[in-house]
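> I'll drop the sequence and a predicted model, then ask my questions.
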Amino acid sequence: MKKFITAWALGVVVAVSTADAAPGPMSTETELVAVLKSDAPEAEKAITCKYLAVKGSPAAVAELAPLLANPRLASWARIPLEAIPGPEASAVLRDAVPILEGRLLCGVLTSLGVRRDQASVPLLAEKLRSDDAEVVACAAWSLGQIATPEAGAILARSLAKAPDQAAMDAVARAAVLCGENLVAAGRVEDALALYATVLAECNQDQRHAEATRGMIIAKGIDGIPLLVETLRSPNKRLANMAIFTARDLGRGDQADSALAAAVDAAILAEIPKAAAEGNVDRAAILIDVIAERNAGSASGAVMDALAAVAGPTNSKPVRLAAIEALGRTGSFAVVGPLLVAAADDDSGIADTARAAVAALEGDAVNKEIAKRLAGADAKVLPALLELVGRRRIDAVEAVLPLVKHGDEKIRTAALVALGPTVDLDNLDVLVVAATAPLNEAEGLVAKAALQEASVRMADREGCVTLLALAIEKSPAEMKVMLLDTIGAVGGTKALATMATAAKSGEEVLEDAATRLLGKWMTADAAPILLDLATAEPGGKFKTRALKGYVRIARQFVLADAERAAMCRKALAATPLEADRKAILEILERYPSAETLTVAEEAEKTPGLEVDAKKAVKAIRGKLAAAKKAG
């Protein structure tokens, strides 16, 4: 008996637990329907409806039907009713139409449209006569979704009988939707008739524009004359809709090469007409459309047409738009036309053209630019050379002779191009140009190119070796420039070169070398700076060298012992009170056992006692705080 009671009690617990279990994604349809039948809270029933959208079948429809009249659960119930396959869900929604009003009715009407329930067309037609504008709008939308010829005819008749502007707008919007769905279903003639009715009956620009777009798309190639006519429309809404339509007609998901080519031809024919009429804005917009349609894949006809528009016979805004469009085609074939524009006397045109070529992608473009260097005339060469540099094209052999060209503009452009492209074997060309320039302006360009080239060399040591040899052969005024370049390159050889220059006995070199060492970016400059600061007899730049040494101790990441040792040596090297106080501040900034020892030693230095004691106290305090925190 005891075993029986225990088993019975366990069964009760299990049964209660199952009944109380909240619905979830793992619940079966039977369990979900049981929740709808129970007195579970409405929030629980709402989430149950959500799961029935996935798990539900016609078996759940009967329990969902009553919820359509519940203001709090109706929208939840429609979620599964829109998704459950079979005629049962549609029938329940249709049955609810006569007994519901207001927003509840609107929801059911919309759900019938989502299900594309053709049997509901008469019911929806009846609701188009409702006094409730929202009901009319929902019924019309669903007819547009269902999109049978009968639904289209009902919408067409309703347009002519619309009682007010709101109803006309709602029905016209639905008619456009219906037309799109009819076209998708292959019923083009029905769609065209419906679009024509919208154009005839509706007096709103937006619906006219939408119907016109639909008609253009539905007609395909035969719709291009209407597209062109609409592009010319003085009505901005219509013209904008035509532009929007022209951007993707025949392309994208509905790609049609014949249609796309015909649209391109029509737009290209309109561009010079707009330009000739002085309608610059329209011409520029059409150029932008053709560029977007052909980005990365323009045909020869498109590129030829754009090249013609980019010519000097058109206004500057139109030419600029065409040049930018050529650049967006992404083809190496546009390099020639763009180079012509790049040599234009108008700097705005020339700059835009060069930027367009620079933005083109692909090795084919680089090869085309390099190939044209050999036969280019003096007007085009500077633009070509600029592009060689901007694109970092490997064309050094072709550029090197141009450094000695008779035209200064070409010589300068060649020097600039070599900055980002020259290799170490030919770096001496820039060295010569920078140290023995033909004039001051070219010298400045060559110096900038030399530094740009030097700092990017993979073999830094080899580069510095070449530059160091040049120092020995160069006039005094050029040695500093070469030292500056060596400093920008950096590395072991560069540091050794600086050390030599700093002790050269030439004041101009010592000045430059100590200046550069003072801002060196690696800690291995410290021994050289200390040596300069402590050398006997002292040089003119001892103080500068010491400040550079102290800077490394203050700013660089160093081991505690190394930093402490540097500070000890710096304190010993300087008699200046300001420098000594600065060194004590470094000790305080980096508290450690090693820096504490140096500060304690400084307490014994005459004149430093007070400041050193403060430093010792501060360091000890920081160390104690760190120990407590750790």
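Looks like it came in fine.
> Pull up the distance across stretch 141-159, start to finish.
Stretch 141-159 has an end-to-end distance of 13 Å (Cα to Cα, to the nearest Å).
> List the buried residues in it.
Using 16 or more other Cβ atoms under 10 Å as the test for burial, stretch 141-159 gives 141-149, 151-156, 158-159. Yep, even glycine has a C-beta here, placed from its N, CA and C like the rest.
> Taking the centroid of the chain, which residue is nearest it?
Geometric centre of the chain, nearest residue: Ala359, 15.3 Å, by Cα atoms, centre = their mean.
> Spit out the contact partners of it.
Residues counted as contacts of Ala359 (Cβ atoms under 8 Å, 6 or more residues apart in numbering) are Gly327.
> Quickly note the distance from it to Gly330.
Relative to Gly330, Ala359 is positioned 9 Å away (Cβ to Cβ, to the nearest Å).
> Met303 too?
For Met303, the distance to Gly330 - Cβ to Cβ - is 11 Å.
> Leu571 against Ala602, yeah?
Yes. Between Leu571 and Ala602 there is a contact under Cβ atoms under 8 Å: 6.1 Å.
> Overlap in contacts, those two.
Arg580, Leu608.
> Could you list the low-pLDDT ranges of this structure?
The chain contains residues with pLDDT under 70 at 1-21, 538-539.
> so what are the domain limits for it?
255-359, 576-630 (automatic domain parsing).
> Return the distance of the last one from the chain's centre.
The gap between the average C-alpha position of domain 576-630 and the chain average comes to 52 Å, counting by Cα atoms, centre = their mean, to the nearest Å.
> same deal with the longest one?
Distance, stretch centre to chain centre, for domain 255-359: 24 Å (Cα atoms, centre = their mean).
> now do stretch 193-200
42 Å.
> Not counting it itself, show me its contacts.
In contact with stretch 193-200 (Cβ under 8 Å, 6+ apart) are residues 152, 155-156, 159-160, 172, 175-176, 178-179, 182, 207-208, 210-212, 214-215, 218.
> and with 10 Å instead?
With Cβ atoms under 10 Å, 6 or more residues apart in numbering as the test, stretch 193-200 has contacts from 144, 147, 149, 151-153, 155-160, 168, 171-176, 178-180, 182-183, 187, 204, 207-208, 210-219.
> where along the stretch 401-550 of the chain do the helices fall?
Ranges of helices within the stretch 401-550 of the chain are 408-418, 427-435, 440-455, 460-473, 476-489, 492-502, 507-517, 526-534, 542-555, based on DSSP state H, counting those that start in this stretch.
> Now mean neighbour count and distance to Arg390 too, for the ones you listed, in TSV please.
Formatted as TSV, those follow (neighbours: other Cβ atoms under 10 Å; distance: least, Cβ to Cβ, whole Å):
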stretch	mean neighbour count	distance to Arg390
helix 408-418	23	9
helix 427-435	21	18
helix 440-455	19	13
helix 460-473	18	23
helix 476-489	20	21
helix 492-502	20	28
helix 507-517	20	30
helix 526-534	21	39
helix 542-555	21	36
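> Could you say which helix or strand holds the residue nearest to Lys409 when sequence neighbours are not counted?
Using Cβ to Cβ, 6 or more residues apart in numbering and skipping residues adjacent in sequence, the residue nearest Lys409 is Pro382, 5.4 Å away. Element membership for Pro382 (DSSP states H and E) is helix 381-390.
> Specify the angle between the one helix or strand Arg372 maps to and helix 381-390 in degrees.
Per DSSP H and E: Arg372 is located in helix 363-373. In terms of direction (axes from the mean of the first three to the mean of the last three Cα atoms, to 10 degrees), helix 363-373 departs from helix 381-390 by 140 degrees.
> Just give me how far helix 363-373 sits from the chain centre.
Worked out by Cα atoms, centre = their mean, helix 363-373 lies 28 Å from the chain centre.
> my read: Val610 touches Glu603, true?
Yes. Taking Cβ atoms under 10 Å as the definition, Val610 is a contact partner of Glu603 at 9.2 Å.
> okay, the two: which has more neighbours?
Glu603 (15 against 9; other Cβ atoms under 10 Å).
> Could you measure from the more buried one over to Ala561?
Going from Glu603 to Ala561 by Cβ to Cβ gives 20 Å.
> likewise Asp131?
With distances taken as Cβ to Cβ, Asp131 is found 93 Å from Ala561.
> Between the two, which is the more surrounded one?
Neighbour totals were compared for Asp131 and Ala561, and Ala561 leads with 13 against 7 (other Cβ under 10 Å).
> Can you give me every residue that contacts that one?
For Ala561, the contacting residues are Ser592, Ala593, Glu594, Thr595, Thr597, by Cβ under 10 Å, 6+ apart.
> ok and the helix or strand hosting it relative to helix 542-555, angle-wise?
Ala561 belongs to helix 560-573 when assigned by DSSP H and E. Here helix 560-573 points in a direction 160 degrees away from that of helix 542-555 (the same axes, to 10 degrees).
> got the buried residues for helix 560-573?
Within helix 560-573, the residues that qualify as buried are Arg563, Ala564, Met566, Cys567, Arg568, Lys569, Ala570, Leu571, Ala573, counting by 16+ other Cβ under 10 Å.
> quick check, distance from that helix to the centre of its chain.
50 Å.
> Stretch 196-216 now?
On Cα atoms, centre = their mean, the centre of stretch 196-216 falls 37 Å from that of its chain.
> quick revisit: which residues are common contacts for Ala359 and Gly330?
With Cβ under 10 Å, 6+ apart as the test, Ala359 and Gly330 both reach Val365.
> From Leu430, how far out is Glu452?
9 Å.
> shared neighbours, these two?
Leu418, Gly419, Val422, Thr485.
> Closest one of those to Gln118?
Using Cβ to Cβ, Gly419 is the member of the shared contacts of Glu452 and Leu430 that lies nearest Gln118, at 72.5 Å.
> count of residues packed around that closest one?
Gly419: 20 neighbours (other Cβ under 10 Å).
> That one touches Met457, doesn't it?
No. Applying Cβ under 10 Å, one finds Gly419 not in contact with Met457, separated by 11.8 Å.
> Could you check which helix or strand contains the nearest residue to Asn203 once chain neighbours are set aside?
Nearest residue to Asn203, sequence neighbours excluded (Cβ to Cβ, 6+ apart): Met168, at 7.6 Å. Using DSSP H and E, Met168 sits within helix 165-184.
> OK, contacts around the nearest residue to Lys569 once chain neighbours are set aside?
Leaving aside its sequence neighbours, Lys569 sits nearest to Leu530 (Cβ to Cβ, 6+ apart; 6.1 Å). Residues near Leu530 by Cβ under 10 Å, 6+ apart: Ala545, Leu546, Gly548, Tyr549, Val550, Ile552, Met566, Lys569, Ala570, Ala573.
> Just send the domains of the chain back as TSV, with distance to Leu93 too.
Shown next, in TSV, are those (distance: least, Cβ to Cβ, whole Å):
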stretch	distance to Leu93
domain 255-359	38
domain 576-630	70
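> thinking again about what came up before, could you say what helices and strands the helix holding Met168 packs with?
Helices and strands in packing contact with helix 165-184 are listed as helix 133-146, helix 149-161, helix 188-201, helix 205-219; criterion 3 or more Cβ pairs under 10 Å, 6 or more residues apart in numbering; DSSP states H and E.
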